[in-house]
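*Asks:* Could you look at this predicted model? Sequence included:
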Amino acid sequence: FQLGLKTSFLKIMFSMLSFFRKERGTHHHGGVGAKGTIRFLRNEASDKLDFCHSKDSLSVTLRHSNASFEDDGCSQLRAMAFRIHKSDHKFDDLLLSTGAILPFWSLASLMNFAKYRGKVKNDNWDAQKEWLKNSPTAFIAGIEAARVGPESYTKMSYYSCIPYGIKGTNEFVKFRVMPTDMVSESGLLTSAQQRTPWIQNRLDKNDKPERYLANEYRERISRKPIEYVLEAQFRVLDPKEDSAEFFNLSRYWDDSKYTWQPIAKITTAGVLDDSVTESHAFWLGNIPEGLDFMESYSAVDYNSVATGRIKIYPRPQRLRKK
């Protein structure tokens, strides 16, 4: 009952934002889109995933964006979404963000985050301080996910965080995208900044323009194609040994035990016009072939973030396009 109420409430709120603003409820500031191809690798990891079985390169479109603020220099979560265009006029979407864990782990915790974020006015971050002080989990995950003044969209790694179930098995998979020219992660919070992660202003020493990340991406791709590696992390659910924490978006899967394995290479060779980028409606419900999400029955269920996002977004996206 609570899950239904919260899902309906969020659907109404996002629909109102889309109707009146004609823009996304989140990730609507700045950003840049690109087009290119994806080529799946032939290895044991890709063999487990049905959507990786194409022998030909497929077209992709992708979008890099900021989660919250128009100013690229601010401290915030960064996102990457990409769409695989298949030969049967269907497509698969993957939505990823910086940080291997997220500062919300259920629909209820997401609404709690939104409540405190809504109280932030100008440079007064006290509301977010209260939220993070009351939630050590969100405090740690917020540090993990935020990037402040990063050098480039191609100097950050992007994670799905949500585990996908592989149909017909007890195995689950997470995804991440790694730009091939990234030597080290850019924009990580310093130890001093980690003590006050609720403050999200840009650094005083950063004198770059507001949309420097989008401009840098356009300039970079004009010189040569940009390449990424799509990787997968597999883990078998053991009903006797694993608890519901298996699905907690704020808990790591130990990558020394569950190693990241390359499954595809993405190459982008040109940027999209901003109007074309804005017309894209990436949706978690465009689930790659052979995968699925666990159903959820409670607003505090760890799986409610995925199922909630699938149910919430279609209507706001239609309103935004209109």
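*Replies:* It's in. In this text, all values refer to a predicted model and were calculated from it rather than measured experimentally.
*Asks:* got the phi/psi numbers for Pro150?
*Replies:* Main-chain dihedrals, Pro150, degrees, to the nearest 10: phi -70, psi 160.
*Asks:* Distance check, it against Lys208.
*Replies:* Relative to Lys208, Pro150 is positioned 11 Å away (C-beta to C-beta, to the nearest Å). All C-beta atoms are positioned from the backbone trio N, CA, C, and that covers glycine.
*Asks:* Have a look at those two and say which one is more surrounded.
*Replies:* Pro150 (21 against 15; other C-beta atoms under 10 Å).
*Asks:* Leaving out sequence neighbours, find the closest residue to the more buried one.
*Replies:* The spatial neighbour of Pro150 that comes closest, neighbours along the chain excluded (C-beta to C-beta, 6 or more residues apart in numbering), is Gly187 at 3.0 Å.
*Asks:* Kindly report the same for Tyr158.
*Replies:* Sequence neighbours aside, Leu96 is the residue nearest to Tyr158 in space, at 3.8 Å (criterion: C-beta to C-beta, 6+ apart).
*Asks:* Okay, and the beta partners of the one you found?
*Replies:* Met80 (DSSP bridges).
*Asks:* Wait, a strand at the residue nearest to Pro150?
*Replies:* No. Under DSSP: H, G, I helix; E, B strand; the rest coil, Gly187 falls outside any strand and is assigned coil.
*Asks:* so it touches Ser152, yeah?
*Replies:* No. Counting by C-beta atoms under 8 Å, Gly187 sits too far from Ser152 to count as a contact (9.2 Å).
*Asks:* Am I right that the residue nearest to Tyr158 is in contact with Phe175?
*Replies:* Yes. Taking contacts as C-beta under 8 Å, Leu96 lies within contact range of Phe175: 6.7 Å.
*Asks:* Now the common contact residues for the two.
*Replies:* Common contacts of Leu96 and Phe175 (C-beta atoms under 8 Å, 6 or more residues apart in numbering): 159-160.
*Asks:* circling back: dump the residue contacts of the residue nearest to Tyr158.
*Replies:* 79-81, 158-161, 175-177 are the contacts of Leu96 under C-beta under 8 Å, 6+ apart.
*Asks:* let's see 6 Å
*Replies:* By C-beta atoms under 6 Å, 6 or more residues apart in numbering, the residues touching Leu96 are 80, 158-160, 177.
*Asks:* so can I have TSV of those showing neighbour count?
*Replies:* What follows is the contacts of Leu96, written out as TSV (neighbours: other C-beta atoms under 10 Å):
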residue	neighbour count
Met80	25
Tyr158	26
Tyr159	23
Ser160	21
Val177	20
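*Asks:* Which of those residues fall in strands?
*Replies:* 80, 158-159, 177 (DSSP state E).
*Asks:* In the stretch 1-150 of the chain, what residue spans correspond to helices?
*Replies:* 2-21, 44-47, 107-117, 126-133, 136-145 (DSSP state H, counting those that start in this stretch).
*Asks:* closest one to Arg235 among those helices?
*Replies:* Among these, the nearest to Arg235 by C-beta to C-beta is helix 44-47 (12.7 Å).
*Asks:* Run the chain-centre distance for that closest one.
*Replies:* Computed by C-alpha atoms, centre = their mean, to the nearest Å, the chain-centroid distance of helix 44-47 equals 23 Å.
*Asks:* Tell me the helices and strands packed up against it.
*Replies:* Applying 3 or more C-beta pairs under 6 Å, 6 or more residues apart in numbering; DSSP states H and E, one finds that helix 44-47 contacts strand 260-271.
*Asks:* what are the pairing partners of the strand it packs on, and which direction each?
*Replies:* strand 32-40 (antiparallel), strand 226-236 (antiparallel).
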